[in-house]
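# Pasted the sequence and its predicted model underneath.
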Amino acid sequence: MENISYSTIKEIEEIEILRNKSSFNYTYDQATIESLKKHFALKDSLYILAKSNENFVAFCSTDRGWWEDNYFFIREILVDPNFQKLGLGQELMKRCIDHAKKSGAIGIVTETAFENIPMQKLCAKFQFQEWANPQWKEGITYKLMF
C-alpha cells in the first residue's frame, strides 16, 4: 500500500497515540493503555505503528505475555476504519508472526471477540486454528504453531 510507513515503537510514551482510538466497540481507554505499557517492557515485545502522512492508521503489538511457555501473544491489531480492507491488518499480522519466529517461539496466539469477523477472517488467512482456551470464554482464541 502506498504512502503507508511502518515504525517500531521504541519509547513507552509513544503508546499514548492510541488513547481513545476505537474499533468494534472497543476503545483504548486508560486501563488498556496501562496494560499495553506493562507488556511493552517484556523481552522481545514488538509494537508497530502504521501512518499515512504522519497520521495514525494502524497499530499492532505482540509480546511474550502468554501463559504458556515460548509462545507470543498478538495483543492488538487495530486498523482505523477509514483504512480497513487495504491489507494493513494482514501486513501487521505477518510482521508479528515473523517476529515471533525470529525470536524462537514455538507458536503465536491471539484472542478476538465473537463479533470481530474481520479478525477471524485474518486468522483464517494465516491458518490459525481455533483453540479451546480454558482461561478465556468471552471470545475466540486462535493458535498458530511454527
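Alright, I've got the coordinates.

# From now on I want contacts and neighbour counts done on CA atoms only, so please keep to that.
Fine.

# Break down this protein into its helices, ranges please.
For the chain, the helices defined by DSSP state H occupy 30-40, 88-102, 117-125.

# State the mean pLDDT of stretch 139-146.
The average of the pLDDT scores along stretch 139-146 is 97.

# What of stretch 66-84?
If you average the pLDDT over stretch 66-84, you get 93.

# cool, stretch 37-57 as well?
Averaging pLDDT along stretch 37-57 yields 94.

# which other residues reach it?
Here stretch 37-57 makes contact (C-alpha atoms under 8 Å, 6 or more residues apart in numbering) with 3-9, 12, 15, 17, 58-65, 79-80, 83, 92, 96, 99, 103.

# Ok, stretch 76-88 next?
With contacts defined as C-alpha under 8 Å, 6+ apart, stretch 76-88 is touched by 1, 22-23, 56-62, 89, 92-93.

# Nearest to Thr32 among those?
Relative to Thr32, the closest of the contacts of stretch 76-88 is Ser22; by C-alpha to C-alpha it sits at 11.3 Å.

# Who does that closest one form a beta bridge with?
Ser22 has these beta-bridge partners by DSSP bridges: Thr27.

# Tell me, how many residues neighbour it?
By other C-alpha atoms under 10 Å, the residues close to Ser22 number 15.

# Please apply the same query to Leu86.
Neighbours of Leu86 under the rule other C-alpha under 10 Å: 11.
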